Every structure is written in structure tokens, then in C-alpha cells.
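Student: A structural model of the following input is requested.
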Amino acid sequence: MQDDEFRPKLGRIGSRGSKAGKRFASQVQAAINRAGGRPQRGGRFNGSRAGRGGAAAALLKSRDRYAAFRQRRVVVKARIVKLAGKGADGARAHLRYIQRDGVTREGAPGELYGADSGRVDGKAFVDRADGDRHQFRFIVAPEDGIEYDDLKPLTRRLMAQMEEDLGTRLDWVAVDHFNTGYPHTHIIVRGKDDRGENLVIAREYTSRGIRERAAELVSLDLGPRTDHEIEHRLRQEMEQERFTSIDRQLLRMRDDDGLVSTDGPEAFRQTLHQGRLRKLERMGLAEEVGSGRWRLDGQLEATLRGIGERGDIIKTMHRELTGKGLARSAADWVIHDRFGEQAQRIVGCVVGGGLADEINDRHYLIIDGVDGRTHYIDIGKGEGTEPTPDSCIVRVTPRNTEPRQVDRTTAEIAAAHGGRYNVDIHLRHDPSATESFAETHVRRLEAIRRATRAVEREPDGTWIIAPDHLDRASEYERLRARAEPVTVEKLSFLSLERQVGFDGATWIDRELVSDEPEGLRNSGFGREVREVQVRRRQWLIVQGLAHEDQGRIVFRSNMLSILRHRELNRVAGQLSDELGLSYSEAKPGVRVEGTLRRSVELASGQYAVIEKSREFTLVPWRPVLDRHIGKEVSGIMRGEGISWTIGRQRSGPSVS
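Tutor: Next comes the predicted model:
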């Protein structure tokens, strides 16, 4: 018999063979049990222990529940990030963010370190991760982190313990942050094990095991908490308006009827639970249904977590406003967080911004609005919004979640052709449509398919469109709105004070001549805008761009154009000296050709620098040009805008 041949030996159906033999299902079950995956009696498998670390998580979970009270508390936030598509760019941006300025005790940039080195090359780490399917991001924040002069030894010991639990070497980098009241460490772990395979960590280990391991290490360093410390912290939790460890205990104490009884042998714990339930009763989250028996609100945890987050937001707003010396009444604070919906657009000045949730990359802006109120706005993912410096004037608009016209057109054509859509069907249905126009509908369908699987594409490229396609398109827009709930439009990079005597077309000027100016409340930032408008009118009169007629100010019809050209010529002169090229003004209807070099920020907007061999031109900028810097472009000026063609060929992709 050759080595690659075998001869099966058949037996009776259901036979287990020899006494030592086991059916395959039994072997699988035994492997699950060894990995800590044995379900509780009557429980169902949920995959929480599937992957590396399942056995360690089971061991940690089975320990004495009251040991957690003696251990030092450590908060661990974990996230798995997919690196496909834009995820790789997001990984680079996240690495830059955690190394930003001002995160050390001395206010210096953060230093990336690893298992064996105090300074790691971030680019080399990113290059090693090229092609990885995913990466893990952790934030480790010891409650007593302020007691540590240096968090690096603790982090290295934690990662060594994780390697032991997971049974593999880990490729990781970390940065320590001391810029908040709670020192913490950002850790990034590659999604590969030491054999180059995809690293899969059991969900229960990331959600609980890492926290328990970190708490063990901190307790070894600082010693376990004393009875006095434990009781003092629990008494403080009794009156807090957030989700606490006492609430977690109460939820575990519910009986089959969903009721909680405060009877118990330990007087301190009985008093603690009774006091907390009375607090929850005052908040409308608990109800006494009998002597010592309580019913908890079904949304207790979600409600308390939401209240806690709003409390943190209020502290953030207070810190930002007092830091800028702004006296704003708390009665005029408005919070637009991820749980609420922003119903109207907001125009105002950026007071501050940052990360509301570092692990999930949720950013916020605080806007001092012309409506006299101060707004906290969750703006979603960092890569979804361009940086907006403090004192910048912006317009924030909620993302529209209604179906677009492209969706309505697709639904209409599909309804007339048996629920099917493709470019040929579109052109037959509407002979006036162009092929490029129809292809925009295909790109829209592909985007919806990738995000929601709400549409189906056949092998020949024909799309199956459901009768409720518009509802599915709305769901897709709502999904996008969760990641990017608003659009932030920069109206002016100049502060109000700089706009008073600025020789160029400013936001204040555009408001003065607008047919529909923003409504200004006579308080807060709205009052400041009113005062600046008065001073700007006087400056315009001195410049001969406005005059007073019977108690009213009359502006020259071409005032904005004059101011825009003044600034454009001034900036062009500076660029001419810098580039060594002459400036050629772009004329309406004339083709502009050259290499797109960069953009420049003017008070009247952003402009693109188009360079030729001996001259350059300044033309209005479009955000889509960001990815075409250094390429040949051409376009024709039309009014205040320009229609672009990318590349040397006249038939290349155009950007209107």
C-alpha cells in the first residue's frame, strides 16, 4: 500500500468502536469544556469563550465574587477594528492621535513604547500590520493610576500575563496619557498571533478577563483595599446618579418575578441596598411593591449610563467655557449627544472639541451659537469631519436621513420594469439620460449593498430592487448618520475680532448683505456678533464700500467682489515671491490647466493653487480635490465655481 492510500474500515452506524474511542461530537464537546466553554445548566452556547483566553476567562469568573471588592479597580475598554478599506487609514490616524501633544505630565507629545523598548517606531508597526485583517485597541485606566509615577512597567506586566493566558506572543505598542484626572494607557495589538494566523480572542476575556488581570497587578503593587476604603466608596455610590456596582448587584438579586428583596444577614449590605433603592425611587427608576420588596425599571442600566454620560458632558462644557473665560449661563447649555437628535442647524464659534469616547473614536464640538446658547454636539467619527480650530466660525447641520433623488429614480425605474434595474434599463426608460448619469445610480446601489445587504445584484450586473427600496435607502442613511451624525461647514477661520478690520470678504460681510441673515439673539455669542457688525459697518464706510442714507447703511452692489479681489491679489503676491512664478488671474469661461499643488485658506474660502511652468492661478477649492494633489487638472471657471477634469485627457473624470 502506498503512503497516500488508505483503506476505510466500516462499522455499525452509531458504533463508538473501542472503549477508548469517542464520537467526534463528544471530542468537540470535551475540547469546549477544556477551553472553559461548558455552558451552565439550561444555558445556551453564545460564543463568548470561543477563541484564545476562554479558559482563563472561565477561571477568573469562577473566583470568589467578593474578591472583587478587595481588588483595586481598573477600567478596561476594548475594541476590535477592521483594517480593510478605510480602516487602514483610520489605524494610522489613531496612532497619530494617541501620540499627540499635551498628553504627558509635562504637556509633551506621547511616546510610543513596546515590550522591550522605551521608544518604538510607529511607522514600522503600521508597516508590519499591512495586510492584517483587524487590530485590537485597549484603554487601561487604574482607578488609583495617580499613584503611579510611570505606567510602563504595569503595562508590560499586563501584556506578559495576556500572552500567557492567550498562549501566544503579541505584537503591541502603547502610549501613556496623563492629560486627564485619570492616568490611562492606550494599547494597540496586532490581529496576528506568533504563527502569523489571525488572532481571535474570546469575547469574555476581552470584556472581563483583561480587567481582572489588570486589577490583580494593581492590587499587588498598591495592596488590597481595606474595609474602610470599600465601605467609603460604596457609601459614595449610594447617592450617585450613574450606573454603579450597587446597581449591578441589585440586578443580579432579582428573583423569578423580577423583584428585589433587601432582606439579608449582613446589616451593612442591607442598609446599602435600601439606601440605593430609595435613591432610585426618587429618580423614578425603582418602586416599592411590598415590605422590603422592590421592582426595578426595565431600562435601569441604560438610563443610569445615559445620565452618567450627560453628567460628564456638563463637566466638559464647564471646563471648556471657564478655560476660555466665557461667562455662559448653564440654563442655555444644549446637549446634542449620540442618543438625541439635533433638529436644527447651528451657527456659531468653536469653543473647544475633542474625543468623547476614545476607544470608539467619537468626537465632539462645543459651539457658542448665534442663538445665544452653547451647544455640545457629537460629530461622530474623527475621519468624518475636518479639523476645526478654536474660534473658527462654523455651520453644523444634521445629516439628512431621507432617501435621495437617486434612490427615488431607481425605485421608479425598477417599479416599471418588474423590480429590476441596470444601466441599459435606465437608458431605455429615460432616453434623455446619459450613461455616466445612470452609473451614479449603480454606485449608490453598490454602496447600499456593501453596508446593509439591502439590495441584491445578479451576476450579469442587474439589480433586484425591492418594493420598499426607499425605506431601505433611509435605513442606510440612518446607519451612516450613526457614524457621522452631522456635517460641519467652516464659514470662517477668522475670529470675530479679526474680522472687524480685515481687508477681505469676511463672514460678517456676507451676513450684512445676505437676504436671509442668521437670527442673532441679544445674548452670548449672538450679542458679540451684533457688536462686531456695528464696528464692521463703520470700517466699510471708511473704505468707501458703504454709506449711510437716511439712518440706514447702504452697501455697494459689488462690495464682496472688491474685498475678495483685494485679498486674492494680496495672497497671490505673497505666493509669487514664494514660488518664483507670476500670477495669472482666472477669467470666467476660460480654461484653467496645470498641476494641482496645494490649497490656501482665505477669508472668503479655500482656493487651489494650480501651477504651470511659468505662472500659477488661484481658483475655488473643492474637498474632493484632496486626493488629487500633485496631479494634472483642468477646468473652466463658471461664476464663483469651476468644473474640474482630473488628468491630462479631456475625457477623464470630472468634478463639478
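
Student: Domain map for the protein?
Tutor: Using automatic domain parsing, the domain ranges for the chain come out as 54-221, 227-298, 313-399+488-556, 417-483, 561-655.

Student: would you turn those domains into CSV with mean neighbour count and distance to Thr410?
Tutor: C-beta coordinates here come from the backbone N, C-alpha and C atoms, glycine included. CSV is the format used below for these (neighbours: other C-beta atoms under 10 Å; distance: least, C-beta to C-beta, whole Å):
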stretch, mean neighbour count, distance to Thr410
domain 54-221, 17, 24
domain 227-298, 15, 41
domain 313-399+488-556, 17, 20
domain 417-483, 15, 5
domain 561-655, 15, 22
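
Student: Which one, of those domains, ends up nearest to Ile307?
Tutor: Closest to Ile307 of the domains of the chain, according to C-beta to C-beta: domain 227-298, at 5.2 Å.

Student: ok, now which ones touch the closest residue to Thr388 other than its chain neighbours?
Tutor: Nearest residue to Thr388, sequence neighbours excluded (C-beta to C-beta, 6 or more residues apart in numbering): Val350, at 5.2 Å. Val350 makes contact with Leu365, Ile366, Ile367, Asp368, Thr388, Pro389, Asp390, Ser391, Cys392, Ile393, Val394 under the criterion C-beta atoms under 8 Å, 6 or more residues apart in numbering.

Student: Quick check: of those residues, which lies closest to Tyr182?
Tutor: Distance to Tyr182 across those (C-beta to C-beta) is lowest for Ile366, with 20.9 Å.

Student: ok so that closest one is a strand residue?
Tutor: Yes: assessed with DSSP: H, G, I helix; E, B strand; the rest coil, Ile366 lies in a strand.

Student: so where is the chain shaky, pLDDT-wise?
Tutor: 1-51, 60-70, 85-88, 101, 181, 337-343, 358-360, 382-386, 639-641, 643-656 (pLDDT under 70).

Student: what residue lies at the spatial centre of it?
Tutor: Lys381 (2.5 Å; C-alpha atoms, centre = their mean).

Student: pretty sure it contacts Arg362?
Tutor: Yes: in this structure, Lys381 is within contact of Arg362 by C-beta atoms under 8 Å, at 7.4 Å.

Student: residue boundaries of the strands in the stretch 551-656 of the chain?
Tutor: Using DSSP state E, counting those that start in this stretch, the strands found in the stretch 551-656 of the chain span residues 552-555, 582-583, 591-602, 605-611, 615-620, 632-638, 641-646, 654-655.

Student: OK, contacts around Gly348?
Tutor: Gly348 neighbours (C-beta under 8 Å, 6+ apart): Ile367, Asp368, Gly369, Val370, Asp371, His375, Ile393, Val394, Phe525.

Student: meant to ask about Glu163
Tutor: Neighbouring residues of Glu163 by C-beta under 8 Å, 6+ apart: Arg169, Leu170.

Student: Give me the distance between it and Val76.
Tutor: 16 Å (C-beta to C-beta, to the nearest Å).

Student: end to end, how far does stretch 279-288 reach?
Tutor: 12 Å (C-alpha to C-alpha, to the nearest Å).

Student: Centre of the chain to that stretch, how far?
Tutor: 34 Å (C-alpha atoms, centre = their mean, to the nearest Å).

Student: Check stretch 73-92 too.
Tutor: Mean-position distance between stretch 73-92 and its chain equals 11 Å (C-alpha atoms, centre = their mean).

Student: Switch the domains of the chain over to CSV; also include distance to Arg305.
Tutor: Shown next, in CSV, are those (distance: least, C-beta to C-beta, whole Å):
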stretch, distance to Arg305
domain 54-221, 14
domain 227-298, 5
domain 313-399+488-556, 10
domain 417-483, 17
domain 561-655, 36
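
Student: Quick one: closest of the ones you listed to Gln405.
Tutor: Closest of these to Gln405 is domain 417-483, at 10.1 Å (criterion: C-beta to C-beta).

Student: OK, contacts around Leu83?
Tutor: Counting by C-beta under 8 Å, 6+ apart, Leu83 has contacts Ala91, Ala129, Asp132, Arg133, His134, Gln135, Gly191.

Student: what does Arg362 give?
Tutor: Per C-beta under 8 Å, 6+ apart, neighbours of Arg362: Arg338, Leu355, Ala356, Asp378, Gly380, Lys381.

Student: May I ask which two of those residues are separated the most?
Tutor: Using C-beta to C-beta, the pair of those lying farthest apart is Arg338 and Leu355, separated by 13.0 Å.

Student: For the nearest residue to Asp368 once chain neighbours are set aside, grab phi and psi.
Tutor: Nearest in space to Asp368, with sequence neighbours left out and distances taken as C-beta to C-beta, 6+ apart, is Phe525 at 4.1 Å. Per-residue torsions, Phe525: phi -70, psi -30 (degrees, to the nearest 10).

Student: With Glu237 instead?
Tutor: The phi/psi pair for Glu237 (degrees, to the nearest 10) is phi -70, psi -20.

Student: Ok, Ser495 next?
Tutor: The phi/psi pair for Ser495 (degrees, to the nearest 10) is phi -70, psi 160.

Student: Next: Arg328.
Tutor: phi -130, psi 130.

Student: and it, what is it in contact with?
Tutor: Contacts of Arg328 by C-beta under 8 Å, 6+ apart are Leu321, Asp368, Thr374, Gly524.

Student: now swap in Gly264 and tell me
Tutor: Gln270, His273.

Student: Could you measure from it over to Gln249?
Tutor: 11 Å.

Student: do Asn198 as well
Tutor: Counting by C-beta to C-beta - Asn198 and Gln249 are separated by 38 Å.

Student: can you check Ser291 too?
Tutor: 20 Å.

Student: for Leu59, same thing?
Tutor: Leu59 is 22 Å from Gln249, by C-beta to C-beta.

Student: picking that back up, so the residue nearest to Asp368 touches Gly369, yeah?
Tutor: Yes: if you go by C-beta under 8 Å, Phe525 and Gly369 touch, sitting 6.1 Å apart.

Student: Help me confirm that Pro109 is found in a strand?
Tutor: No: the assignment for Pro109 by three-state DSSP gives coil, which leaves it out of any strand.

Student: Pick the one among the contacts of Val350 closest to Glu497.
Tutor: Ser391 (8.9 Å).

Student: May I have the secondary structure class of that closest one?
Tutor: Here Ser391 is recorded as coil under three-state DSSP.

Student: hmm, which two among the contacts of Leu83 are most spread apart?
Tutor: Ala91 and Arg133 (12.0 Å).

Student: just to revisit the earlier point, from the contacts of Gly348, which is closest to Leu300?
Tutor: His375 (29.1 Å).

Student: Now do the SS call for the closest one.
Tutor: Once three-state DSSP is applied, His375 turns out strand.

Student: Quick one: the contacts of Val350 as JSON lines, columns for distance to Asp468 too.
Tutor: Compiled in JSON lines, the contacts of Val350 are given as follows (distance: C-beta to C-beta, whole Å):
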{"residue": "Leu365", "distance to Asp468": "36"}
{"residue": "Ile366", "distance to Asp468": "40"}
{"residue": "Ile367", "distance to Asp468": "37"}
{"residue": "Asp368", "distance to Asp468": "43"}
{"residue": "Thr388", "distance to Asp468": "38"}
{"residue": "Pro389", "distance to Asp468": "44"}
{"residue": "Asp390", "distance to Asp468": "45"}
{"residue": "Ser391", "distance to Asp468": "47"}
{"residue": "Cys392", "distance to Asp468": "42"}
{"residue": "Ile393", "distance to Asp468": "42"}
{"residue": "Val394", "distance to Asp468": "37"}
